[in-house]
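Novice: Below: sequence and its predicted model.
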Amino acid sequence: MRAALLLLPYALAATALATETPTAPSTDTVTAEAPQPGACPAPRGPGRGAWSTRTLPETAERAAAKAALESWAFPEISAEAEANRQGIRTDGLLIIHKGELVYERYGRGFTAETPHLTWSVSKTYTATLTGIAVQRGLLSLDDSICEHITPTSPTHCETTVKDLLEFGSGTLWKESYESSPPTTSSVVAMLYGQGHEDVVAFATAQPRRAPPGSFFQYSSGDTNVLSGVVGAALTPVGGDQFPWTLLFEPMGDTSAVWERDTKGTYIGSSYVYATPRDMARLGMLWLDDGCYAGERWLPEGWVAASSVVSETIQRGSYDREPGDTQGRQVWLNQPVYALGDAARPWPGSPPDYYGAMGHWKQGILMVPSHDLVIVRTGDDRDGSFSWDLLAQHAIALVDPSAAPPAADPPPPPGLVAATNQIAEPLEFDTGLLRIAVNYGAKLGCSCAFVMNRDDAQCAAFVKASPDIVKVRYDREAKVAKATTFGLVRATASYRGPREGCTIDP
(Lines give C-alpha, C1' and ligand atoms only; values in the text may rest on other atoms or scores of the structure.)
Protein backbone atom coordinates (compact mmCIF):
# COMPACT_ATOMS: atom_id res chain seq x y z
CA MET A 1 0.00 0.00 0.00
CA ARG A 2 1.50 3.44 -1.01
CA ALA A 3 1.35 7.53 -1.45
CA ALA A 4 0.04 11.12 -0.63
CA LEU A 5 -3.02 13.47 -0.34
CA LEU A 6 -5.42 14.91 2.16
CA LEU A 7 -7.34 12.56 4.40
CA LEU A 8 -10.77 13.52 5.65
CA PRO A 9 -10.88 13.26 9.45
CA TYR A 10 -12.69 10.21 10.72
CA ALA A 11 -12.81 8.21 13.90
CA LEU A 12 -12.42 4.50 14.31
CA ALA A 13 -14.19 2.92 17.25
CA ALA A 14 -12.66 -0.19 18.82
CA THR A 15 -15.31 -2.77 19.70
CA ALA A 16 -15.50 -3.34 23.45
CA LEU A 17 -14.86 -6.74 24.98
CA ALA A 18 -18.02 -8.69 25.60
CA THR A 19 -18.84 -8.84 29.34
CA GLU A 20 -21.28 -10.73 31.43
CA THR A 21 -23.27 -8.82 34.05
CA PRO A 22 -23.76 -10.82 37.24
CA THR A 23 -27.27 -11.00 38.63
CA ALA A 24 -27.57 -9.31 42.04
CA PRO A 25 -29.43 -11.12 44.81
CA SER A 26 -33.01 -9.78 44.99
CA THR A 27 -32.99 -9.36 48.78
CA ASP A 28 -29.98 -7.05 49.00
CA THR A 29 -29.04 -3.67 47.68
CA VAL A 30 -25.79 -4.11 45.76
CA THR A 31 -23.58 -1.18 44.89
CA ALA A 32 -21.13 -2.02 42.12
CA GLU A 33 -17.66 -0.60 42.52
CA ALA A 34 -16.66 1.59 39.61
CA PRO A 35 -13.68 0.12 37.75
CA GLN A 36 -10.48 1.94 38.60
CA PRO A 37 -8.56 3.66 35.78
CA GLY A 38 -5.96 1.28 34.43
CA ALA A 39 -7.43 -1.63 36.39
CA CYS A 40 -6.79 -5.07 34.98
CA PRO A 41 -9.39 -7.75 34.36
CA ALA A 42 -9.46 -10.69 36.75
CA PRO A 43 -6.53 -13.08 36.19
CA ARG A 44 -7.19 -15.65 33.48
CA GLY A 45 -5.31 -17.55 30.84
CA PRO A 46 -2.28 -19.67 31.71
CA GLY A 47 -0.32 -17.19 33.84
CA ARG A 48 3.05 -18.85 34.29
CA GLY A 49 1.50 -22.31 34.28
CA ALA A 50 -0.22 -24.62 31.83
CA TRP A 51 -3.22 -23.63 29.79
CA SER A 52 -6.63 -24.42 31.22
CA THR A 53 -8.55 -26.42 28.61
CA ARG A 54 -12.30 -26.50 28.09
CA THR A 55 -14.35 -28.87 25.98
CA LEU A 56 -17.01 -27.04 24.03
CA PRO A 57 -20.53 -28.49 24.36
CA GLU A 58 -21.25 -30.89 21.54
CA THR A 59 -24.07 -29.87 19.23
CA ALA A 60 -24.86 -30.65 15.62
CA GLU A 61 -24.01 -27.05 14.68
CA ARG A 62 -20.68 -27.19 16.44
CA ALA A 63 -19.81 -30.56 14.92
CA ALA A 64 -20.48 -29.11 11.48
CA ALA A 65 -18.40 -26.01 12.31
CA LYS A 66 -15.47 -28.14 13.49
CA ALA A 67 -15.62 -30.34 10.39
CA ALA A 68 -15.65 -27.26 8.16
CA LEU A 69 -12.70 -25.74 10.05
CA GLU A 70 -10.60 -28.87 9.79
CA SER A 71 -11.34 -29.63 6.16
CA TRP A 72 -10.29 -26.07 5.33
CA ALA A 73 -7.28 -25.69 7.64
CA PHE A 74 -5.93 -29.25 7.36
CA PRO A 75 -6.84 -30.41 3.85
CA GLU A 76 -5.50 -33.54 2.21
CA ILE A 77 -2.62 -32.44 -0.04
CA SER A 78 -1.10 -34.50 -2.80
CA ALA A 79 2.59 -35.31 -2.83
CA GLU A 80 3.01 -33.07 -5.87
CA ALA A 81 1.26 -30.13 -4.18
CA GLU A 82 3.38 -30.66 -1.06
CA ALA A 83 6.58 -30.70 -3.09
CA ASN A 84 5.55 -27.48 -4.83
CA ARG A 85 4.25 -25.94 -1.58
CA GLN A 86 0.75 -25.49 -2.91
CA GLY A 87 -2.47 -25.22 -0.94
CA ILE A 88 -3.16 -24.52 2.73
CA ARG A 89 -0.39 -26.08 4.83
CA THR A 90 -1.20 -25.60 8.52
CA ASP A 91 1.45 -26.56 11.06
CA GLY A 92 -0.46 -25.59 14.20
CA LEU A 93 -3.84 -24.10 15.10
CA LEU A 94 -5.04 -23.01 18.54
CA ILE A 95 -8.25 -21.28 19.59
CA ILE A 96 -8.44 -19.63 23.01
CA HIS A 97 -11.94 -18.62 24.15
CA LYS A 98 -12.48 -16.66 27.36
CA GLY A 99 -8.92 -17.44 28.43
CA GLU A 100 -9.19 -21.20 27.96
CA LEU A 101 -7.84 -23.48 25.26
CA VAL A 102 -10.82 -24.93 23.38
CA TYR A 103 -9.18 -26.20 20.17
CA GLU A 104 -5.67 -27.42 19.30
CA ARG A 105 -4.35 -29.39 16.36
CA TYR A 106 -1.00 -29.81 14.60
CA GLY A 107 0.01 -30.96 11.14
CA ARG A 108 2.95 -31.71 8.87
CA GLY A 109 5.01 -33.31 11.64
CA PHE A 110 4.76 -30.40 14.08
CA THR A 111 3.79 -30.92 17.72
CA ALA A 112 2.89 -28.75 20.71
CA GLU A 113 6.60 -28.75 21.65
CA THR A 114 7.95 -27.51 18.28
CA PRO A 115 9.02 -23.86 18.19
CA HIS A 116 7.94 -22.29 14.91
CA LEU A 117 9.45 -19.42 12.94
CA THR A 118 6.96 -16.55 13.33
CA TRP A 119 8.47 -14.14 10.78
CA SER A 120 6.77 -10.73 11.15
CA VAL A 121 4.75 -11.79 14.17
CA SER A 122 8.08 -10.83 15.75
CA LYS A 123 7.18 -7.19 15.11
CA THR A 124 4.37 -7.38 17.65
CA TYR A 125 6.77 -8.90 20.20
CA THR A 126 9.00 -5.86 19.59
CA ALA A 127 6.03 -3.51 20.03
CA THR A 128 5.17 -5.30 23.27
CA LEU A 129 8.65 -4.75 24.66
CA THR A 130 8.36 -1.11 23.60
CA GLY A 131 5.20 -0.85 25.70
CA ILE A 132 6.94 -2.50 28.65
CA ALA A 133 9.75 0.06 28.39
CA VAL A 134 7.23 2.93 28.29
CA GLN A 135 5.29 1.50 31.24
CA ARG A 136 8.53 1.37 33.25
CA GLY A 137 9.42 4.96 32.37
CA LEU A 138 12.51 3.95 30.40
CA LEU A 139 11.24 5.16 27.02
CA SER A 140 8.84 7.75 25.66
CA LEU A 141 6.99 7.74 22.35
CA ASP A 142 8.42 11.19 21.69
CA ASP A 143 12.04 10.18 22.27
CA SER A 144 14.41 10.68 19.38
CA ILE A 145 16.12 7.43 18.53
CA CYS A 146 19.41 9.27 19.14
CA GLU A 147 18.61 9.43 22.85
CA HIS A 148 19.24 5.68 22.85
CA ILE A 149 21.32 4.64 19.82
CA THR A 150 23.72 6.19 17.31
CA PRO A 151 22.40 5.87 13.73
CA THR A 152 24.67 5.64 10.73
CA SER A 153 23.27 8.91 9.34
CA PRO A 154 22.55 11.75 11.80
CA THR A 155 19.45 12.67 9.76
CA HIS A 156 17.72 9.73 11.45
CA CYS A 157 17.87 11.59 14.76
CA GLU A 158 14.64 13.27 13.66
CA THR A 159 12.89 9.89 13.95
CA THR A 160 10.97 9.19 17.16
CA VAL A 161 9.92 5.95 18.83
CA LYS A 162 6.34 6.64 17.74
CA ASP A 163 7.45 7.09 14.12
CA LEU A 164 9.05 3.64 14.19
CA LEU A 165 6.01 2.01 15.84
CA GLU A 166 3.81 3.43 13.06
CA PHE A 167 6.19 2.61 10.17
CA GLY A 168 6.63 6.33 9.72
CA SER A 169 10.41 6.89 9.67
CA GLY A 170 10.17 8.20 6.10
CA THR A 171 13.14 6.03 5.09
CA LEU A 172 13.39 4.99 1.46
CA TRP A 173 12.66 1.27 1.68
CA LYS A 174 11.35 -1.63 -0.37
CA GLU A 175 9.71 -4.44 1.59
CA SER A 176 9.51 -7.19 -1.03
CA TYR A 177 9.93 -10.93 -0.84
CA GLU A 178 9.63 -13.76 -3.39
CA SER A 179 7.63 -11.71 -5.88
CA SER A 180 10.51 -9.35 -6.72
CA PRO A 181 14.19 -9.77 -7.59
CA PRO A 182 16.05 -10.33 -4.30
CA THR A 183 18.71 -7.75 -5.15
CA THR A 184 16.06 -4.98 -5.22
CA SER A 185 14.64 -5.70 -1.76
CA SER A 186 15.68 -3.64 1.25
CA VAL A 187 14.58 -6.32 3.71
CA VAL A 188 16.42 -9.10 1.88
CA ALA A 189 19.58 -6.96 1.81
CA MET A 190 19.20 -6.33 5.54
CA LEU A 191 18.60 -9.95 6.57
CA TYR A 192 20.79 -11.82 4.06
CA GLY A 193 22.90 -9.22 2.26
CA GLN A 194 25.24 -6.48 3.39
CA GLY A 195 23.05 -5.56 6.36
CA HIS A 196 22.83 -8.90 8.14
CA GLU A 197 25.70 -8.27 10.56
CA ASP A 198 24.30 -4.95 11.84
CA VAL A 199 20.65 -4.36 10.98
CA VAL A 200 20.42 -0.99 12.77
CA ALA A 201 23.45 0.39 10.94
CA PHE A 202 22.01 -0.78 7.62
CA ALA A 203 18.53 0.65 8.16
CA THR A 204 19.79 3.99 9.43
CA ALA A 205 22.16 4.33 6.47
CA GLN A 206 19.24 4.44 4.02
CA PRO A 207 18.17 7.81 2.59
CA ARG A 208 14.88 9.49 3.42
CA ARG A 209 11.94 9.86 1.09
CA ALA A 210 9.82 12.00 3.48
CA PRO A 211 10.02 13.69 6.91
CA PRO A 212 9.43 11.33 9.85
CA GLY A 213 5.79 10.91 10.81
CA SER A 214 4.48 12.10 7.45
CA PHE A 215 4.69 8.98 5.30
CA PHE A 216 3.55 5.39 5.93
CA GLN A 217 5.50 2.44 4.55
CA TYR A 218 5.61 -1.02 6.08
CA SER A 219 9.27 -1.60 6.87
CA SER A 220 11.19 -4.33 8.68
CA GLY A 221 13.97 -1.76 8.85
CA ASP A 222 11.84 0.49 11.08
CA THR A 223 11.13 -2.41 13.41
CA ASN A 224 14.78 -3.39 13.68
CA VAL A 225 15.79 0.17 14.50
CA LEU A 226 13.03 0.11 17.13
CA SER A 227 14.49 -3.15 18.44
CA GLY A 228 17.86 -1.44 18.83
CA VAL A 229 16.25 1.46 20.71
CA VAL A 230 14.25 -0.86 22.98
CA GLY A 231 17.35 -2.95 23.66
CA ALA A 232 19.29 0.12 24.75
CA ALA A 233 16.43 1.13 27.07
CA LEU A 234 15.77 -2.29 28.61
CA THR A 235 19.24 -3.83 28.90
CA PRO A 236 20.15 -1.78 32.02
CA VAL A 237 17.16 -3.23 33.92
CA GLY A 238 16.68 -6.58 32.19
CA GLY A 239 20.21 -7.48 31.20
CA ASP A 240 21.39 -8.78 27.86
CA GLN A 241 18.57 -11.35 27.94
CA PHE A 242 15.86 -8.74 28.56
CA PRO A 243 13.23 -10.41 26.33
CA TRP A 244 13.32 -13.37 28.72
CA THR A 245 13.67 -11.52 32.02
CA LEU A 246 10.97 -8.94 31.20
CA LEU A 247 8.57 -10.80 28.89
CA PHE A 248 9.02 -14.50 28.19
CA GLU A 249 9.82 -15.78 31.69
CA PRO A 250 7.15 -13.72 33.49
CA MET A 251 4.63 -15.05 30.93
CA GLY A 252 5.74 -18.64 31.51
CA ASP A 253 7.04 -18.92 27.94
CA THR A 254 9.65 -21.68 27.91
CA SER A 255 10.02 -22.19 24.15
CA ALA A 256 10.97 -18.77 22.78
CA VAL A 257 14.09 -18.28 20.69
CA TRP A 258 14.96 -14.80 19.43
CA GLU A 259 17.85 -14.64 17.01
CA ARG A 260 20.22 -11.70 16.79
CA ASP A 261 22.60 -10.13 14.33
CA THR A 262 26.37 -10.23 14.80
CA LYS A 263 26.27 -6.97 16.81
CA GLY A 264 23.80 -8.49 19.26
CA THR A 265 20.61 -6.69 18.18
CA TYR A 266 17.53 -8.87 18.40
CA ILE A 267 16.02 -9.14 14.91
CA GLY A 268 12.76 -7.55 15.97
CA SER A 269 11.28 -7.76 12.51
CA SER A 270 11.53 -11.45 11.81
CA TYR A 271 13.30 -13.99 14.01
CA VAL A 272 11.19 -14.97 17.03
CA TYR A 273 10.52 -18.71 17.26
CA ALA A 274 7.91 -20.06 19.70
CA THR A 275 5.35 -22.81 20.11
CA PRO A 276 1.73 -21.90 19.35
CA ARG A 277 0.81 -22.25 23.04
CA ASP A 278 3.48 -19.73 23.99
CA MET A 279 2.47 -17.45 21.13
CA ALA A 280 -1.06 -17.51 22.57
CA ARG A 281 0.28 -16.04 25.82
CA LEU A 282 1.18 -12.87 23.94
CA GLY A 283 -2.33 -12.85 22.48
CA MET A 284 -3.84 -12.96 25.97
CA LEU A 285 -1.66 -10.02 27.03
CA TRP A 286 -3.08 -7.94 24.18
CA LEU A 287 -6.65 -9.22 24.51
CA ASP A 288 -6.63 -8.29 28.20
CA ASP A 289 -5.64 -4.66 27.57
CA GLY A 290 -1.93 -5.09 28.26
CA CYS A 291 -2.50 -7.03 31.48
CA TYR A 292 -1.23 -10.52 32.19
CA ALA A 293 -2.46 -12.69 35.05
CA GLY A 294 -4.15 -9.60 36.51
CA GLU A 295 -1.05 -7.36 36.41
CA ARG A 296 -0.56 -4.38 34.11
CA TRP A 297 2.46 -4.75 31.84
CA LEU A 298 1.63 -2.24 29.10
CA PRO A 299 0.50 1.35 29.72
CA GLU A 300 -3.19 2.00 30.11
CA GLY A 301 -4.56 2.75 26.62
CA TRP A 302 -1.56 1.18 24.84
CA VAL A 303 -3.57 -1.63 23.23
CA ALA A 304 -6.41 0.72 22.29
CA ALA A 305 -4.02 3.20 20.65
CA SER A 306 -2.16 0.37 18.90
CA SER A 307 -5.25 -1.32 17.46
CA VAL A 308 -6.74 1.63 15.54
CA VAL A 309 -5.49 3.07 12.27
CA SER A 310 -2.21 4.84 12.95
CA GLU A 311 -1.89 8.59 12.75
CA THR A 312 0.86 8.15 10.17
CA ILE A 313 -1.47 6.36 7.74
CA GLN A 314 -4.20 8.90 8.35
CA ARG A 315 -1.91 11.70 7.18
CA GLY A 316 -2.38 10.29 3.70
CA SER A 317 1.13 9.89 2.31
CA TYR A 318 1.78 6.22 1.83
CA ASP A 319 3.38 3.31 0.02
CA ARG A 320 1.22 0.25 0.69
CA GLU A 321 -0.53 -2.75 -0.82
CA PRO A 322 -4.33 -2.42 -1.21
CA GLY A 323 -6.10 -3.13 2.07
CA ASP A 324 -2.99 -3.20 4.26
CA THR A 325 -3.97 -1.33 7.41
CA GLN A 326 -1.67 -0.97 10.38
CA GLY A 327 -1.98 0.30 13.90
CA ARG A 328 1.28 0.07 15.82
CA GLN A 329 2.98 -3.10 14.58
CA VAL A 330 -0.35 -4.96 14.32
CA TRP A 331 -2.61 -5.51 11.32
CA LEU A 332 -6.19 -4.20 11.47
CA ASN A 333 -9.52 -5.08 9.89
CA GLN A 334 -10.34 -1.44 9.14
CA PRO A 335 -10.72 0.30 5.79
CA VAL A 336 -8.98 3.58 5.09
CA TYR A 337 -11.30 5.10 2.51
CA ALA A 338 -9.06 8.07 1.86
CA LEU A 339 -6.35 5.67 0.73
CA GLY A 340 -8.69 4.01 -1.74
CA ASP A 341 -9.97 1.07 0.33
CA ALA A 342 -13.47 -0.04 -0.66
CA ALA A 343 -14.15 -2.20 2.42
CA ARG A 344 -12.52 -3.92 5.38
CA PRO A 345 -9.55 -6.13 4.49
CA TRP A 346 -11.51 -9.14 5.84
CA PRO A 347 -15.17 -8.18 5.30
CA GLY A 348 -16.60 -11.43 6.68
CA SER A 349 -14.89 -10.90 10.05
CA PRO A 350 -15.65 -8.45 12.87
CA PRO A 351 -14.21 -4.94 12.56
CA ASP A 352 -12.27 -5.37 15.83
CA TYR A 353 -10.32 -8.37 14.46
CA TYR A 354 -6.60 -7.49 14.59
CA GLY A 355 -3.27 -9.09 15.29
CA ALA A 356 0.29 -10.05 14.58
CA MET A 357 0.77 -11.60 11.16
CA GLY A 358 3.86 -13.00 9.50
CA HIS A 359 5.20 -14.30 6.21
CA TRP A 360 3.90 -17.69 5.07
CA LYS A 361 0.79 -17.01 7.23
CA GLN A 362 1.86 -17.11 10.86
CA GLY A 363 -0.46 -15.24 13.19
CA ILE A 364 -1.58 -14.32 16.69
CA LEU A 365 -5.07 -12.91 16.16
CA MET A 366 -7.40 -11.21 18.62
CA VAL A 367 -11.17 -10.85 18.26
CA PRO A 368 -12.23 -8.85 21.35
CA SER A 369 -15.94 -8.93 20.51
CA HIS A 370 -15.86 -12.74 20.77
CA ASP A 371 -13.19 -12.94 23.53
CA LEU A 372 -10.98 -14.92 21.17
CA VAL A 373 -7.29 -15.48 20.56
CA ILE A 374 -6.43 -17.53 17.48
CA VAL A 375 -2.88 -18.77 16.82
CA ARG A 376 -1.94 -20.21 13.48
CA THR A 377 1.43 -21.39 12.17
CA GLY A 378 1.98 -22.73 8.68
CA ASP A 379 3.92 -22.67 5.44
CA ASP A 380 1.57 -21.16 2.88
CA ARG A 381 3.25 -19.74 -0.18
CA ASP A 382 0.66 -19.67 -2.98
CA GLY A 383 -1.96 -17.22 -1.70
CA SER A 384 -4.67 -19.79 -0.98
CA PHE A 385 -4.86 -19.08 2.76
CA SER A 386 -7.36 -16.48 4.06
CA TRP A 387 -7.21 -14.59 7.37
CA ASP A 388 -10.89 -13.79 6.86
CA LEU A 389 -11.91 -17.45 6.65
CA LEU A 390 -9.74 -18.32 9.65
CA ALA A 391 -11.64 -15.88 11.87
CA GLN A 392 -15.00 -16.96 10.48
CA HIS A 393 -14.29 -20.64 11.16
CA ALA A 394 -13.03 -19.93 14.69
CA ILE A 395 -16.07 -17.81 15.56
CA ALA A 396 -18.41 -20.45 14.16
CA LEU A 397 -16.75 -23.06 16.38
CA VAL A 398 -17.06 -21.14 19.66
CA ASP A 399 -20.37 -19.41 18.84
CA PRO A 400 -22.29 -21.21 16.09
CA SER A 401 -25.23 -18.81 16.49
CA ALA A 402 -23.15 -15.65 16.00
CA ALA A 403 -24.58 -13.27 13.43
CA PRO A 404 -22.29 -12.20 10.58
CA PRO A 405 -20.71 -8.78 11.05
CA ALA A 406 -22.47 -5.76 9.63
CA ALA A 407 -21.23 -4.36 6.35
CA ASP A 408 -19.00 -1.31 6.34
CA PRO A 409 -20.67 2.03 5.79
CA PRO A 410 -20.03 3.43 2.31
CA PRO A 411 -17.10 5.80 1.80
CA PRO A 412 -17.92 9.46 2.45
CA PRO A 413 -19.44 11.08 -0.65
CA GLY A 414 -17.08 13.12 -2.76
CA LEU A 415 -13.96 11.62 -1.19
CA VAL A 416 -10.89 11.80 -3.43
CA ALA A 417 -8.49 9.00 -2.58
CA ALA A 418 -4.86 9.77 -1.94
CA THR A 419 -2.30 8.74 -4.53
CA ASN A 420 -0.09 5.77 -3.77
CA GLN A 421 3.56 6.85 -3.99
CA ILE A 422 5.41 3.66 -4.88
CA ALA A 423 9.17 3.84 -4.55
CA GLU A 424 11.36 3.63 -7.60
CA PRO A 425 13.17 0.27 -7.91
CA LEU A 426 16.18 -0.03 -5.63
CA GLU A 427 19.36 -2.00 -6.22
CA PHE A 428 21.69 -3.34 -3.55
CA ASP A 429 25.26 -4.40 -4.12
CA THR A 430 24.98 -7.90 -2.62
CA GLY A 431 24.84 -10.38 -5.47
CA LEU A 432 22.05 -12.90 -5.92
CA LEU A 433 24.30 -15.89 -5.12
CA ARG A 434 25.50 -14.34 -1.85
CA ILE A 435 21.93 -13.54 -0.78
CA ALA A 436 20.78 -17.05 -1.67
CA VAL A 437 23.58 -18.84 0.16
CA ASN A 438 23.20 -16.73 3.31
CA TYR A 439 19.45 -17.34 3.24
CA GLY A 440 19.99 -21.10 2.88
CA ALA A 441 22.55 -21.31 5.67
CA LYS A 442 20.55 -19.15 8.09
CA LEU A 443 17.11 -20.72 7.59
CA GLY A 444 18.59 -24.19 7.27
CA CYS A 445 20.39 -23.89 10.59
CA SER A 446 17.29 -22.56 12.35
CA CYS A 447 15.09 -25.25 10.79
CA ALA A 448 17.41 -28.04 11.91
CA PHE A 449 18.47 -26.86 15.36
CA VAL A 450 15.72 -24.49 16.56
CA MET A 451 12.66 -26.14 15.00
CA ASN A 452 14.27 -29.62 15.21
CA ARG A 453 13.22 -30.69 11.71
CA ASP A 454 14.96 -33.41 9.72
CA ASP A 455 17.07 -32.90 6.61
CA ALA A 456 14.24 -33.54 4.15
CA GLN A 457 11.89 -31.20 5.97
CA CYS A 458 14.53 -28.48 6.08
CA ALA A 459 15.32 -28.94 2.37
CA ALA A 460 11.66 -28.15 1.64
CA PHE A 461 11.66 -25.28 4.13
CA VAL A 462 14.62 -23.41 2.58
CA LYS A 463 13.73 -24.20 -1.04
CA ALA A 464 13.38 -20.98 -3.01
CA SER A 465 12.78 -20.10 -6.62
CA PRO A 466 15.12 -20.49 -8.41
CA ASP A 467 16.20 -23.58 -6.47
CA ILE A 468 19.93 -22.90 -6.45
CA VAL A 469 20.87 -23.49 -2.79
CA LYS A 470 22.03 -26.78 -1.32
CA VAL A 471 22.44 -27.13 2.45
CA ARG A 472 24.30 -29.82 4.40
CA TYR A 473 23.91 -30.29 8.15
CA ASP A 474 26.48 -31.27 10.73
CA ARG A 475 24.11 -32.44 13.46
CA GLU A 476 26.88 -32.98 16.00
CA ALA A 477 28.49 -29.55 15.58
CA LYS A 478 25.07 -27.92 14.94
CA VAL A 479 26.18 -26.17 11.79
CA ALA A 480 24.50 -25.68 8.42
CA LYS A 481 26.70 -25.26 5.35
CA ALA A 482 25.14 -23.85 2.19
CA THR A 483 26.44 -23.59 -1.37
CA THR A 484 25.12 -22.10 -4.61
CA PHE A 485 26.40 -23.92 -7.71
CA GLY A 486 29.47 -24.83 -5.66
CA LEU A 487 30.72 -21.27 -6.20
CA VAL A 488 29.57 -19.33 -3.13
CA ARG A 489 29.51 -20.76 0.36
CA ALA A 490 28.11 -19.73 3.74
CA THR A 491 27.88 -21.30 7.17
CA ALA A 492 25.43 -20.64 9.99
CA SER A 493 25.97 -21.96 13.50
CA TYR A 494 23.63 -22.72 16.35
CA ARG A 495 24.51 -20.50 19.32
CA GLY A 496 22.21 -21.88 21.99
CA PRO A 497 18.61 -22.44 23.08
CA ARG A 498 17.83 -18.72 23.26
CA GLU A 499 20.12 -17.30 20.58
CA GLY A 500 19.32 -19.78 17.83
CA CYS A 501 21.42 -19.43 14.68
CA THR A 502 23.49 -16.68 13.09
CA ILE A 503 25.41 -16.51 9.82
CA ASP A 504 29.13 -16.95 10.50
CA PRO A 505 31.38 -14.01 9.55
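Specialist: On my side now, so go ahead. Numbers count the residues shown, from 1 in each chain.
Novice: Tell me which residue lies nearest the centroid of this protein.
Specialist: Taking CA atoms, centre = their mean, the centroid of the chain lies closest to residue 121, which sits 1.9 Å from it.
Novice: what sits against that one?
Specialist: 272, 279, 356-358, 362-364 (CB atoms under 8 Å, 6 or more residues apart in numbering). Using the backbone N, CA and C atoms, a C-beta is placed for each residue, glycine as well.
Novice: ok, now residue 124?
Specialist: By CB under 8 Å, 6+ apart, the contact set of residue 124 is 282, 286, 329-330, 355-356, 364.
Novice: run the last query once more with 7 Å
Specialist: 282, 329-330, 356, 364 (CB atoms under 7 Å, 6 or more residues apart in numbering).
Novice: ok, now residue 109?
Specialist: Contacts of residue 109 (CB under 7 Å, 6+ apart): residue 457.
Novice: If we use 8 Å, what do you get?
Specialist: Taking CB under 8 Å, 6+ apart as the criterion, residue 109 is in contact with 453, 457.
Novice: Look at it and tell me its secondary structure.
Specialist: coil (DSSP: H, G, I helix; E, B strand; the rest coil).
Novice: quick one on the thing from earlier: quick one: which of the contacts of residue 124 is most hemmed in?
Specialist: Most neighbours among the contacts of residue 124, by other CB atoms under 10 Å: residue 364, with 30 neighbours.
Novice: mind listing what that residue touches?
Specialist: 121, 124, 279-280, 282-283, 286, 355-356, 373-375.
Novice: which one among these gets closest to residue 229?
Specialist: Among these, residue 124 lies closest to residue 229 (CB to CB), at 16.3 Å.
Novice: tell me the phi and psi of the closest one?
Specialist: With angles defined as degrees, to the nearest 10, residue 124 sits at phi -70, psi -30.
Novice: Report the separation between it and residue 279.
Specialist: Going from residue 124 to residue 279 by CB to CB, to the nearest Å gives 10 Å.
Novice: same deal with residue 100?
Specialist: Using CB to CB, residue 100 is found at 16 Å from residue 279.
Novice: And residue 238, by the same measure?
Specialist: Distance of residue 238 to residue 279, given as CB to CB: 21 Å.
Novice: neighbour-wise, which of the two wins?
Specialist: Between residue 238 and residue 279, counting by other CB under 10 Å, residue 279 is the more crowded of the two (30 against 20).
Novice: The more buried one reaches residue 118, doesn't it?
Specialist: Yes - applying CB atoms under 8 Å, one finds residue 279 in contact with residue 118, separated by 6.8 Å.
Novice: Now do the helices in the stretch 51-200 of the chain.
Specialist: Taking DSSP state H, counting those that start in this stretch as the criterion, the stretch 51-200 of the chain carries its helices at 60-73, 79-83, 121-135, 161-165, 186-192, 199-203.
Novice: what is the mean pLDDT for the longest one?
Specialist: This predicted structure assigns helix 121-135 an average pLDDT of 98.
Novice: Off-centre distance for that helix?
Specialist: Between the centre of helix 121-135 and the centre of its chain there are 11 Å (CA atoms, centre = their mean, to the nearest Å).
Novice: so what's the nearest residue in space to residue 392 that is not next to it in sequence up against?
Specialist: Closest residue in space to residue 392, ignoring its immediate chain neighbours: residue 348 at 5.2 Å, by CB to CB, 6 or more residues apart in numbering. The contact partners of residue 348, taken as CB under 8 Å, 6+ apart, are 388-389, 391-392, 404-405.
Novice: And the residues you listed, which is closest to residue 66?
Specialist: Comparing the contacts of residue 348 against residue 66 with CB to CB places residue 392 closest, at 13.5 Å.
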